[in-house]
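Student: this is a predicted model, with the sequence first.
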Amino acid sequence: MNTKKIALIAGVAVVIAGGLLLAFKMGQSTSTTDVAGTIAAPTAQMTEINPFTHVAAIPAIADPSTIRFEKLKTVEIASKTKTVTDAARCKELQSRDPDGSSCQTTTVLERVKAVEASYSYNGLELTAGENVPGRDTFSVYFRPEEVVVDGPVEKLKRDQAAAMFQVTTYRPMVEQKVVDKSHSHYCDGNYMDGNWVRTDPKCEDQVQFITQTVPSPNFTVQVDVRTVAAR
């Protein structure tokens with residue numbers, strides 16, 4: 001074999017070796033990138049809030065006739081929030097028993113001034129720390145220009161402030177998914193040591209659902225301004 005052929009073979013070997021080394025390095029880089037890509041970064045979501053809805057909800061088992069005006073006051077309420085979701089934290093919480101922790105953090109970014117109208121109604125049971133035993137409360141919020149008074153709203157007498165608003169209650173109909181008993185099949189079995197054990201281990205429950213329109217579990221309470229001014 002002459003000198004030219006030896007040199008040519010050596011050159012080809014160097015090229016092949018260089019290509020293999022480059023491919024190996026690229027393979028390592030791609031693998032590292034893929035692994036890093038599986039670690040999801042926290043995501044943030046901005047939410048605009050309209051707090052001036054003038055409505056609230058109370059349990060349908062409460063008595064709407066017991067709703068009573070309490071007071072007016074000027075407050076600042078959230079109008080824009082930022083919610084950060086930590087995907088890694090969410091995944092961690094899913095893999096263990098719930099402990100009340102959350103993988104979301106919400107921060108108030110903007111606030112607006114509002115007039116808060118507070119009401120109370122007869123609750124189902126006594127709640128420790130309430131000023132009026134046995135009564136629960138709810139509030140609705142108005143823009144300051146909607147409640148026009150001479151001076152601070154806090155200075156109004158209770159009956160004057162109450163006369164400014166009209167309270168309406170209604171129970172809306174809502175759609176609810178329920179079990180279709182006539183088309184569902186449950187496997188026979190018995191409780192053993194606190195666990196339900198099927199008589200036939202191969203049997204599987206066949207549960208069908210239907211959507212029904214039923215009364216809401218809550219009353220909707222709507223509060224509207226009745227007058228333009230109180231003096």
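Tutor: That came in fine, so what should we check first?
Student: just the strands in the chain please.
Tutor: With DSSP state E, the ranges of strands along the chain come out as 43-48, 55-59, 68-85, 104-122, 135-142, 165-170, 173-179, 189-192, 195-198, 209-215, 218-225.
Student: for stretch 83-103, what is the average pLDDT?
Tutor: Stretch 83-103 carries an average pLDDT of 78.
Student: stretch 164-178 now?
Tutor: On average, stretch 164-178 scores 93.
Student: what's it in contact with?
Tutor: Stretch 164-178 is contacted from outside by 60, 64, 67, 69, 117, 119, 147, 209-216, 218-227, 230, using C-beta atoms under 8 Å, 6 or more residues apart in numbering. Where you see a C-beta, it was placed from the backbone N, CA and C, and this is true even at glycine.
Student: kindly write the PyMOL command that selects the buried subset of those residues.
Tutor: Selection of buried members from these for PyMOL, criterion 16 or more other C-beta atoms under 10 Å:
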select buried, resi 64+67+69+117+119+147+218+219+221+223+230
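Student: how much space separates the residue nearest to V112 when sequence neighbours are not counted from S65?
Tutor: Computed as C-beta to C-beta, 6 or more residues apart in numbering, the closest residue to V112 that is not its neighbour in sequence is S79, at 4.5 Å. According to C-beta to C-beta, to the nearest Å, S79 stands 34 Å off from S65.
Student: who has more neighbours out of these two?
Tutor: S79 (18 against 9; other C-beta atoms under 10 Å).
Student: go ahead and confirm that one touches K113.
Tutor: No. In this structure S79 lies outside contact range of K113 using C-beta atoms under 8 Å: 9.9 Å.
Student: and the residue nearest to V112, what pLDDT?
Tutor: Per-residue pLDDT puts S79 at 91.
Student: residues contacting it?
Tutor: Going by C-beta under 8 Å, 6+ apart, S79 touches E48, I49, N50, P51, E110, R111, V112.
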